[in-house]
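>>> Output the structure for:
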Amino acid sequence: MTKSKDGPPPVAPTEDAFGKNVSSEQLFKHDQLEELRALIRSAIGQQAIALVTGPPGVGKTTAVRSVTDELPAHKYSSVYVGQDQSSVNVLHRFAHCLGIQPKHYRNRLAMQISQFLSENLSAGGKNIVLIVDEAHLLDDSTLEEFRLMTNANYDRQSPLTVILLGQPALRLRMKASDFEALSQRIPYRYSLEGLDEDETANYIRLRLSAAGLSADIFSAEGLQFIFQVCQGVPRRINNLCSLALLRAKSKKLQTIDAAFLKELAELD
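This is a model prediction of the structure:
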């Protein structure tokens, strides 16, 4: 690590360099992301069910949001639910987003939502895209209810698109015989993995440049260390880089190297 003397100015990070608020235009494009975005577009075009799995922090939600943000508002209505272990709460949130006053009982609520979806389809209403995050937390009956909601008009049409996001355990769960009916309904599947070493370095440089910082703040060895420690998972990369920038600013460093990053990683 190098302290500022006569060289370039020390690190002066902005608060959002590795923050969550990233526009679609600033999204780091890589092969997996583009494949997943194409798959999500196809699922929406067919009003089908898609299953997207991957480790926490790998970018599943961000990838899907980058597609739904592009949908014309006059034609599509995107509903995001999940991150809740209570399946009843998830259904209630879905109903509220649709403008439905939920019934008290769960079975009546599911029927109420299905009726609304069927009527919306018949009336030529907006195409509804339901994103269910953390779907691996949901119980079997709720996953089955989402499958039933895709039936309409004697099973000739689907009244909505369902995108299930979850950890790898969800993909394994779909292989069980109890989920045969749902599994057959999922034509679009994708397993999102972490970035490789080159992608990790390019991702960090992009985020730095987008924040108005020098893309060379992290040394080559520093970038390699970040990849090794974070295993290419964007959320972990963001956390380590944010901490490194903050500490580097207080120490008036020009460059963040592997030794400095190792010190920070050992504090975690």
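
>>> alpha carbons only for contacts and neighbour counts from here, please
Fine.

>>> now the helices: where do they sit in this protein?
According to DSSP state H, the chain carries its helices in the segments 31-46, 60-68, 87-97, 106-122, 140-149, 168-173, 180-184, 197-210, 220-230, 234-250, 258-267.

>>> Dump those helices to a markdown table, plus mean neighbour count and mean pLDDT.
Shown next, in a markdown table, are the helices of the chain (neighbours: other Cα atoms under 10 Å; pLDDT from 0 to 100):
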| stretch | mean neighbour count | mean pLDDT |
| --- | --- | --- |
| helix 31-46 | 17 | 97 |
| helix 60-68 | 19 | 95 |
| helix 87-97 | 19 | 87 |
| helix 106-122 | 17 | 89 |
| helix 140-149 | 16 | 90 |
| helix 168-173 | 16 | 94 |
| helix 180-184 | 14 | 93 |
| helix 197-210 | 19 | 95 |
| helix 220-230 | 18 | 97 |
| helix 234-250 | 18 | 93 |
| helix 258-267 | 14 | 88 |
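
>>> want to throw those helices into a markdown table with distance to Val79?
Shown next, in a markdown table, are those (distance: least, Cα to Cα, whole Å):
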| stretch | distance to Val79 |
| --- | --- |
| helix 31-46 | 13 |
| helix 60-68 | 10 |
| helix 87-97 | 7 |
| helix 106-122 | 13 |
| helix 140-149 | 13 |
| helix 168-173 | 21 |
| helix 180-184 | 21 |
| helix 197-210 | 28 |
| helix 220-230 | 31 |
| helix 234-250 | 23 |
| helix 258-267 | 37 |
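
>>> what about those helices, which gets the closest to Asp133?
helix 60-68 (7.4 Å; Cα to Cα).

>>> Give me the residues contacting that closest one.
Contacting residues not belonging to helix 60-68 are listed as 23-24, 33, 36-37, 40-41, 52-54, 78, 133, 165, 192 [Cα atoms under 8 Å, 6 or more residues apart in numbering].

>>> looking at the helices of the chain, which is closest to Pro159?
helix 106-122 (5.6 Å).

>>> Which other helices and strands does that closest one contact?
helix 87-97, helix 140-149 (3 or more Cα pairs under 8 Å, 6 or more residues apart in numbering; DSSP states H and E).

>>> related to what we said a few turns ago, of all the contacts of helix 60-68, which comes closest to Ser87?
Nearest to Ser87 out of the contacts of helix 60-68 is Asp133 (Cα to Cα; 12.0 Å).

>>> Go ahead and confirm that closest one touches Tyr80.
Yes - counting by Cα atoms under 8 Å, Asp133 does reach Tyr80; the two are 7.4 Å apart.

>>> Looking at those two, which is more packed in?
When Asp133 and Tyr80 are compared for neighbours, Asp133 comes out ahead with 22 against 17, by other Cα atoms under 10 Å.
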